[in-house]
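J.: build me a model:
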Amino acid sequence: MVTRTNAKILGVDDVTGTVDIGKYADLIIMEQNPLEHIEALSDISMVMVKGNLIQTPSVTIIKEVDEVLDSVW
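T.: Numbers count the residues shown, from 1 in each chain. Okay, the predicted model is just below:
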């Protein structure tokens, strides 16, 4: 709902804001909910960028980001 509303406010809801045929979408598909299991962020199943599906995404680990996440979790 937040994405749809923001797209409408910006006047781009005809091309983005919802997952629908003919619209651009940026999605990350995971097996687990990252809000419940932060490790899910390193086990990504699929990625969609501007409506183009990337079925075998790779994850690049950035040491500095990993250290910050480790200190928080």
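
J.: show me where the protein has its helices.
T.: 2-10, 63-72 (DSSP state H).

J.: for residue 53, find the nearest of those helices.
T.: Proximity to residue 53, assessed across the helices of the chain by C-beta to C-beta, is greatest for helix 2-10 (18.6 Å). Every C-beta, even on glycine, is put in place using the N, C-alpha and C of the backbone.

J.: let me see the residues that make contact with that closest one.
T.: Residues outside helix 2-10 that contact it (C-beta atoms under 8 Å, 6 or more residues apart in numbering) are 13, 16-18.

J.: show the average pLDDT along that helix.
T.: Mean pLDDT, helix 2-10: 88.

J.: which parts of it are buried?
T.: residue 7 (16 or more other C-beta atoms under 10 Å).

J.: for residue 47, find the nearest of the helices of the chain.
T.: Closest approach to residue 47 among the helices of the chain (C-beta to C-beta): helix 2-10, 16.7 Å.

J.: pull the distance from that closest one to the chain's centre.
T.: For helix 2-10, the separation from the chain centroid amounts to 17 Å (computed by C-alpha atoms, centre = their mean, to the nearest Å).

J.: so which of the contacts of helix 2-10 wins on neighbours?
T.: residue 17 (21 neighbours; other C-beta atoms under 10 Å).

J.: from residue 43, how far off is that one?
T.: 28 Å (C-beta to C-beta, to the nearest Å).

J.: average pLDDT across stretch 36-48?
T.: Averaging pLDDT along stretch 36-48 gives 86.

J.: ok, residues contacting that stretch?
T.: Residues contacting stretch 36-48 (C-beta under 8 Å, 6+ apart): 25-34, 53-55, 57, 59, 61, 69, 73.

J.: now do 6 Å
T.: With contacts defined as C-beta atoms under 6 Å, 6 or more residues apart in numbering, stretch 36-48 is touched by 25, 27-32, 34, 54-55, 57, 59, 73.

J.: and what of stretch 51-58?
T.: 24-25, 44, 46-47.

J.: and if you look at stretch 22-31?
T.: Applying C-beta under 6 Å, 6+ apart, the set of residues contacting stretch 22-31 is 15-16, 19, 40, 44-51.
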